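**Q** sequence and predicted structure are below.
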Amino acid sequence: MRNAFILVLTLIVLRCSNDSLVVNVVTVPELFQNIKKNNSSRLVLLNVWSTSCIPCIEEFPYIVNLEKQYSHEDLDVKFLSTDWDEKSEAVEEFLLNNGVQGEHFRKNEDYNDQDFINEICTDWSGALPFTGIFDENLILLSHWEGKRDEVYFLKEIDSLLANKREQL
Amino acid sequence: MIRILTVSIILISGIFAEEISIGSKMPGADYFLKNIDGKESTLSEFKKENGLLVIFSCNTCPWVIRWQDRYNPISDLCQKNDIGFVSVNSNTRLHNSVDSFDEMIYHATANDYKFPYTLDKNAKLAKAFGATKTPHVYLFNSVGELVYRGAIDDNAKNAKKVKRKYLADAINAVSKGIKVKTKTTKALGCSIKF
C-alpha cells in the first residue's frame, strides 16, 4: 500500500515537472503571436536550434543559463527547434535534460523553409544555430548565425539593455 | 596594437567572407581539392562546356542525409547537359573525426555517389565562396559566372513532396543559355564547421 502511494506520488511529481515545459509546433506568424501574447520582458532572445546540430548543442547550456543572469523583466529566452516531427520526443527530452521550462517552440515541418528563414530575419542564410534578440514589440534588434561564446551573448544583451535604459 | 587589430580584422574577414553574389566570377578556381579517388583537381578542371555545379556537403548533417537521394539524379542531369559537378566537404573542424577523408570514402561508397566528393583542406574554398552551410549549392555558367545559389529544392525531408525544383530548373536554363528565373533561394542546413 505504502509503495503504491509512493509510486502514485512519483508519477504526479513527474507529470507536474513535464507540465512546466510546453513545446508548441508553429509557423512563424504563430510563433510571434504566441511570444507577443505572453511577453512581459524588455528583450526576447530567440535561439533557433536542432538536436542534430553540434554547435547548437555546444552553446545551449549557457543560453539556458542567461535566464538566471537577467531578471524576467529584462530578458526572456525562447527556443525554436527545427527538428522534424519524428524527433519531437527527442526535442522535449533534450529541453528537459537541460532544465528548460515554460513555453518553447518547434517549427511546423510543412512550413516552407525559405519563408521560415526570411520571416525571422532576411539576413539569415538558414545555417544553424541562429540567434535573434527582439524588443517587446518583437522588432529584431540584433542577430547572428553560428555558435558564439557566453561573453558574446552577455555583451550583446547588456548593450541592448543599456540602450533601452538610455531611451527611458 | 594597430597591427594586432589589423591582423584580427583580416583573420575575421577571412573566416566570415561575404557570400558571392549572382554574376560573380567563380572564386578559388585554382584551389586543389582532393577527391575520394585520391586525385587532386581544381574547379577549373571540374568545369565542363556549359558550366559547373558546386555543392558544399558533408557526411552527417541531417539535411544532407535527406537531400542526398537527389544527388545522383542531379549528377545525371549535369552530365546530360555538359555541366561539371563536384561536392565539397569543408568541415575542417571535423576532418579528423566524422568528416575525415576515410569517412568521406565510406560515406560516398555507402550512398553510391556517382560524382566527385572532395576534401577542402582548411575550408579554403568555402571561405572564398562565403558558404555557410551544408548542403549549399552554387551553379556557374559556361563563362564561370554564378547564376544560381541556394537550395536544391523546397523540401529536404521528402523528395515526393517537392513543389519547386530550383536547382534542376536552373541547370536546364543554363544549359540552354537562357536566364535562370529564380537566382537565389534559402533552406535550413548545418553550419560549416570552420
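**A** In hand now; what should we look at?
**Q** ramachandran coordinates for whatever residue of chain B ends up closest to chain A?
**A** Of all residues in chain B, the one sitting closest to chain A is B:Lys133 (3.8 Å; Cβ to the nearest Cβ). C-betas here are computed from N, CA, C, even on glycine. B:Lys133 adopts backbone torsions of phi -150, psi 170, taken as degrees, to the nearest 10.
**Q** tell me what it is bridged to.
**A** B:Lys133 has these beta-bridge partners by DSSP bridges: B:Ser191.
**Q** could you tell me how many residues sit around it?
**A** 24 (other Cβ atoms under 10 Å in any protein chain shown).
**Q** what is the least confident helix or strand in the chain?
**A** No chain was given, so I picked chain A. helix A:2-19 (a mean of 49; mean pLDDT, DSSP states H and E).
**Q** sorry, should have said chain B
**A** Per mean pLDDT, DSSP H and E, helix B:2-15 ranks last in chain B, at a mean of 44.
**Q** helix or strand right after that one?
**A** strand B:33-35 (DSSP states H and E).
**Q** partner strands of that following strand, with direction?
**A** Counting by DSSP bridges, strand B:33-35 is paired with strand B:40-41 (antiparallel), strand B:117-119 (antiparallel).
**Q** and those: which comes nearest B:Leu53?
**A** strand B:117-119 (13.1 Å; Cβ to Cβ).
**Q** residues in contact with the closest one?
**A** Contact partners of strand B:117-119, identified using Cβ atoms under 8 Å, 6 or more residues apart in numbering or on different chains, comprise B:33-36, B:41, B:57, B:86-89, B:95, B:101, B:104, B:107-108.
**Q** identify the farthest-apart pair in those.
**A** B:Ser41 and B:His107 (19.4 Å).
**Q** so for those two, which sits in the more crowded spot?
**A** B:His107 (22 against 17).
**Q** so is that one in a helix, a strand, or just coil?
**A** helix (DSSP: H, G, I helix; E, B strand; the rest coil).
**Q** so what pLDDT did it get?
**A** With respect to pLDDT, B:His107 scores 98.
**Q** how about A:Val151?
**A** A:Val151 is assigned 97 on the pLDDT scale.
**Q** distance check, it against chain B.
**A** For A:Val151, the distance to chain B equals 16 Å [Cβ to the nearest Cβ, to the nearest Å].
**Q** that's all I had, so thanks and see you.
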